[in-house]
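Chemist: predicted model follows, preceded by the sequence.
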Amino acid sequence: KAGVTQTPRYLIKTRGQQVTLSCSPISGHRSVSWYQQTPGQGLQFLFEYFSETQRNKGNFPGRFSGRQFSNSRSEMNVSTLELGDSALYLCASSMRTGEANYGYTFGSGTRLTVV
Amino acid sequence: AQSVTQLGSHVSVSEGALVLLRCNYSSSVPPYLFWYVQYPNQGLQLLLKYTSAATLVKGINGFEAEFKKSETSFHLTKPSAHMSDAAEYFCAVIFSGSARQLTFGSGTQLTVLP
């Protein structure tokens, strides 16, 4: 059973540019969440998508956005990149139904460096 | 505000010694609790989870954790450390009413000494 796939693994972008990251969840999982990991702020929740709808959003500026497609694949976009956006971006998938299915499976992440 | 506290950002143990990583949360309502491990340049791997069943939860790689409501704690233990256990460990919580959002502790870097 394939895991959560995130592409690309590494990205280098310049301040002011925009970037799109991709996440393919485990087959059958319909919920995709995104987290940002930085040395200073730790792991912070960005947003969750389920059935192509954003269900929950963390405390991030509007430059951070996302979407989910009918096959449950998700993308997140960051516009007007700032140096502080340099981070490991992690995607997690879940079935989102039933208490026993709580707990997300994470991908290996995309390491974004803004220069 | 609801929070997760991991006591000790760095823990060192000798190979074969007991591993104890501490996690406390702030909530009067028992939440869902998780431990994740992260190896360098990798994502997060789920070690174990508590979802209101047995208070002693067994996970992968010989780890276990005990949910103590009175102490609002969910400490992670392993009887005998192995060199391959060296990694960063994160306690995470889904608080009641948080719409399934994981709130993470700041992490504990475990070093295993030969």
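Modeler: Yep, that arrived.

Chemist: beta-bridge partners for residue 13, please?
Modeler: Just so you know, I chose chain A. Taking DSSP bridges, one finds A:V114 as the beta-bridge partners of A:K13.

Chemist: ah, no, chain B please
Modeler: Beta-bridge partners, per DSSP bridges, of B:V13: B:V112.

Chemist: any idea of the pLDDT on it?
Modeler: B:V13 is assigned 97 on the pLDDT scale.

Chemist: also A:G98?
Modeler: We note a pLDDT of 53 for A:G98 in this prediction.

Chemist: now do the one 3 residues further on
Modeler: Predicted confidence (pLDDT) at A:N101: the value is 54.

Chemist: ditto for B:Y32
Modeler: Looking at B:Y32, its pLDDT stands at 88.

Chemist: chain B contacts on chain A?
Modeler: A:4, A:6, A:31, A:33, A:35, A:42-45, A:48, A:55-56, A:58, A:90, A:92, A:94, A:96, A:99-100, A:102-109, A:111 (CB under 8 Å from any CB of the partner chain). The C-beta positions use only the backbone N, C-alpha and C, and glycine is treated the same way.

Chemist: which residues of chain A score low on pLDDT?
Modeler: A:1, A:96-102 (pLDDT under 70).

Chemist: what ranges do the strands span in it?
Modeler: Ranges of strands in chain A, per DSSP state E, are A:5-7, A:10-13, A:19-24, A:31-38, A:42-50, A:53-57, A:64-68, A:74-78, A:87-94, A:105-106, A:110-114.

Chemist: how far does the fourth one sit from its chain's centre?
Modeler: Mean-position distance between strand A:31-38 and its chain equals 4 Å (CA atoms, centre = their mean, to the nearest Å).

Chemist: identify the residues contacting that strand?
Modeler: Here strand A:31-38 makes contact (CB atoms under 8 Å, 6 or more residues apart in numbering or on different chains) with A:23, A:25, A:43-50, A:55, A:60, A:66, A:68, A:72-74, A:76, A:86-96, A:104, A:109, B:100-102.

Chemist: now the last one
Modeler: If you take CB under 8 Å, 6+ apart as the criterion, strand A:110-114 is touched by A:6-15, A:19, A:21, A:78, A:81-89, B:41.

Chemist: do stretch B:32-51 and chain A come into contact?
Modeler: Yes: using CB under 8 Å from any CB, we find that stretch B:32-51 touches chain A at B:32, B:34, B:36, B:41-46, B:49, B:51.

Chemist: now do the spatially most central residue of chain A against B:G105, distance only.
Modeler: Central residue of chain A (CA atoms, centre = their mean): A:W34, 3.0 Å from the mean position. Per CB to CB, to the nearest Å, A:W34 is found 19 Å from B:G105.

Chemist: can you check B:Q2 too?
Modeler: Plainly put, B:Q2 is 12 Å away from B:G105 if you go by CB to CB.

Chemist: the more surrounded of these two?
Modeler: B:G105 (26 against 14; other CB atoms under 10 Å in any protein chain shown).

Chemist: so what does the nearest residue to the more buried one once chain neighbours are set aside look like in phi/psi?
Modeler: Nearest non-adjacent residue to B:G105, counting by CB to CB, 6 or more residues apart in numbering or on different chains: B:Q6, 3.7 Å away. With angles defined as degrees, to the nearest 10, B:Q6 sits at phi -110, psi 120.

Chemist: from memory B:Q6 sits against B:Q109, does it?
Modeler: No: under the criterion of CB atoms under 8 Å, B:Q6 makes no contact with B:Q109, lying 10.3 Å away.

Chemist: more crowded one of the two?
Modeler: Using other CB under 10 Å, the more surrounded residue of B:Q6 and B:Q109 is B:Q6, with 21 against 14.
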